[in-house]
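> Sequence first, then the predicted structure, then my questions.
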Amino acid sequence: MELQKLIKTDLYRYFGTQHPSRRCRVGGERLQLRYLKTLRKAKASAGKPLNLWWRFRLLRLSERTHIQIPWNCEIGPGFYIGHRGRIIVNPQVRIGASCNIATGVTIGAIYSGKRQGAPVIGNRVWIGANAVIVGGIVIGDDVAIAPGAYVNFDVPSHSVVIGNPGAVHHKEQATEGMIQNPVEC
């Protein structure tokens, strides 16, 4: 997907429109949205002279927001960072469309053992505050991961994960009401 379309889908998730009014953006632009735009620009400029500049800007924003999502991470359209604060994502992670992530979330890889690898997260996934997702696991579409949950196992689509260790509960439309302004996958 081209850069401008990705940024517009992200804007839509935040404001409900791809063209928010000047009043919404001037002075009120959230730092996490600025971080996300810079992340998208760094990814789009890979292999080009401006890539180093965008990566530097991303590093500076990371210091201000405490969000650590690498520029080369694969993230689908309509990504939503709810609040700035400690968020750590491994560069090997893949995240689908219309996903929400809250503060305090860690999404990491495991480098040995049977769950070796990084998570693959589906579309319309809501990840609550302080959740930890690790290992070469697959999280299906339409999944809600409760705040504080620890997930190191595959999660089927249409599920809610609660607790530490995580327990899976099947629920149709698990993210209904949690994901505002979803984009088409």
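Structure's in. What do you need?

> Show the contacting residues for Arg30.
Contacts of Arg30 were listed using CB atoms under 8 Å, 6 or more residues apart in numbering, and they are Tyr14, Arg84. Quick note: C-beta positions are derived from backbone N, CA and C, even for glycine.

> Give me the local confidence score for it.
According to the prediction, Arg30 has pLDDT 78.

> So it versus His158, what's the distance?
30 Å (CB to CB, to the nearest Å).

> Then His170?
Remark: distance between His170 and His158 (CB to CB) = 6 Å.

> More neighbours: these two, which one.
His158 (17 against 10; other CB atoms under 10 Å).

> so that one touches Thr175, yeah?
No - using CB atoms under 8 Å, His158 is not in contact with Thr175; the gap is 9.2 Å.

> anything in contact with each of these two?
Taking CB under 8 Å, 6+ apart as the criterion, His158 and Thr175 both touch Asp142, Val143.

> What pLDDT is listed against Leu33?
So Leu33 comes in at 88 (pLDDT).

> I figured it hits Tyr14, correct?
Yes - using CB under 8 Å, Leu33 makes contact with Tyr14 at a distance of 5.7 Å.

> For this protein, list the residue farthest from the centre, please.
Pro49 (26.5 Å; CA atoms, centre = their mean).

> I'd like the distance between that one and Pro91.
22 Å.

> what do you get for Glu184?
Taken as CB to CB, the span from Glu184 to Pro91 is 27 Å.

> more neighbours, those two?
Neighbour count, other CB under 10 Å: between Glu184 and Pro91, Pro91 has more, with 13 against 9.

> ok, the more buried one touching Asn72?
Yes - with contact defined as CB under 8 Å, Pro91 reaches Asn72; the gap is 5.4 Å.

> mind checking which helix or strand of the protein has the lowest mean pLDDT?
Of the helices and strands making up the chain, the lowest-confidence element is helix 22-25, at a mean of 52, by mean pLDDT, DSSP states H and E.

> so after that one, what's the next helix or strand?
Next helix or strand after helix 22-25 toward the C-terminus (DSSP states H and E): helix 31-44.

> List the buried residues in that following helix.
By 16 or more other CB atoms under 10 Å, the buried positions in helix 31-44 come out as Gln32, Leu33, Tyr35, Leu36, Lys37, Thr38, Leu39, Arg40, Lys41, Ala42, Lys43, Ala44.
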